[in-house]
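Visitor: No sequence on hand, only this structure:
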Ligand SMILES: [Zn+2]
């Protein structure tokens, strides 16, 4: 990029589908094209001269599409529920639905164990409390797993991918998981004060580490650590782990603040495909 606009070298290379362009040049160009009409015009001219086959294909598609557009704008507005559904899917991916359902299912199993008092190997520790902080982390992992998102390459290649998309997906995971946990907590007497801060701190730490090693890997590593350091010892000795007691809340607040600072400082790191690992 030279000055304010993209260089002709990059625009010509992009129009020809030049594989010699660096990935970050392509990213920067696509992000710039979204806001710059001048460069869009230059790209359109470059496609016309440098890639006549593409220009011909676009003309053919447009010729076929144009008559239908006139009827499309006069179609009745979609029903409210269907537009609400499409808005939800803009925030998440449809493949997340079974995963979110599974996470809610796990929460319900923990709730049933809690109500039945059949806590394996322990007397006083609530399974809901043990699982609550780590469930959203698993949801975030599911929302970023490339194996679970058939459109992930497409999603990752749009200029608005990156932190904005990460935060939207994380928010949609929390919007499902947190109310389910609040409900379970209300039934079992586990207060949100005990798990909400650890839950947010772990979620933000997942995103912070995700910028380095990929969101899914970070989530799996944190979930494993949580099971090893908190869930297993609590079940073994029947005592609520130190991490879930009131004394630990300042530490969780510190982790939350540090994680948020790292995410903000490294916001550029989420705009690469690697963040989806
Ligand atoms: Zn420009």
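Guide: Received, thanks. All values reported here derive from a predicted model rather than from experimental measurement. Numbering: from 1, shown residues only.
Visitor: Quick one: find the helix or strand in the chain with the lowest mean pLDDT.
Guide: None of the helices or strands of the chain scores lower by mean pLDDT, DSSP states H and E than helix 152-156, at a mean of 56.
Visitor: which stretches of the stretch 101-250 of the chain have low pLDDT?
Guide: Low-confidence segments of the stretch 101-250 of the chain (pLDDT under 70): 117-124, 144-162.
Visitor: The protein: helices as residue ranges?
Guide: 8-16, 23-35, 37-50, 52-72, 80-91, 96-116, 127-131, 135-144, 152-156, 163-188, 192-213, 215-226, 232-237, 249-265 (DSSP state H).
Visitor: of all these, which lies closest to residue 243?
Guide: Among those, the nearest to residue 243 by C-beta to C-beta is helix 192-213 (6.8 Å). For the C-beta atoms, the positions are set from N, CA and C on the backbone; glycine is no exception.
Visitor: burial measure for residue 172, as a count.
Guide: 21 (other C-beta atoms under 10 Å).
Visitor: Can you tell me, leaving aside adjacent residues, what's nearest to residue 170?
Guide: residue 140 (5.5 Å; C-beta to C-beta, 6 or more residues apart in numbering).
Visitor: you'd agree the one you found is up against residue 168?
Guide: No - when contacts are counted by C-beta atoms under 8 Å, residue 140 is not listed as touching residue 168 (11.6 Å).
Visitor: These two: which has the busier surroundings?
Guide: Remark: of residue 140 and residue 168, residue 140 carries more neighbours, 27 against 15, as counted by other C-beta under 10 Å.
Visitor: What distance do you get for the more buried one to the ion?
Guide: According to C-beta to the ion, to the nearest Å, residue 140 and the ion sit 35 Å apart.
Visitor: From residue 12, how far out is the residue of the chain most remote from its centre?
Guide: Going by C-alpha atoms, centre = their mean, the residue of the chain most distant from its centre is residue 49, 39.3 Å out. The gap separating residue 49 from residue 12 is 9 Å, by C-beta to C-beta, to the nearest Å.
Visitor: which residues touch residue 193?
Guide: If you count contacts by C-beta atoms under 8 Å, 6 or more residues apart in numbering, residue 193 has them with 246, 249.
Visitor: Check residue 222 too.
Guide: Taking C-beta under 8 Å, 6+ apart as the definition, contacts of residue 222 comprise 134, 137, 202, 205, 206, 209.
Visitor: try 7 Å
Guide: Applying C-beta atoms under 7 Å, 6 or more residues apart in numbering to residue 222 gives the contacts 137, 202, 205, 206.
Visitor: what's the most distant pair in the residues you listed?
Guide: Distances among the contacts of residue 222 were taken as C-beta to C-beta; the most separated pair is 137 and 205, at 8.5 Å.
Visitor: With neighbour numbers in mind, choose between these two.
Guide: With neighbours defined as other C-beta under 10 Å, residue 137 and residue 205 compare such that residue 137 has more, 26 against 22.
Visitor: what's near enough to touch the closest residue to residue 198 other than its chain neighbours?
Guide: What sits nearest to residue 198 in space, not counting adjacent residues and going by C-beta to C-beta, 6+ apart, is residue 133, at 3.9 Å. Residues counted as contacts of residue 133 (C-beta under 7 Å, 6+ apart) are 195, 198, 199, 202, 226.
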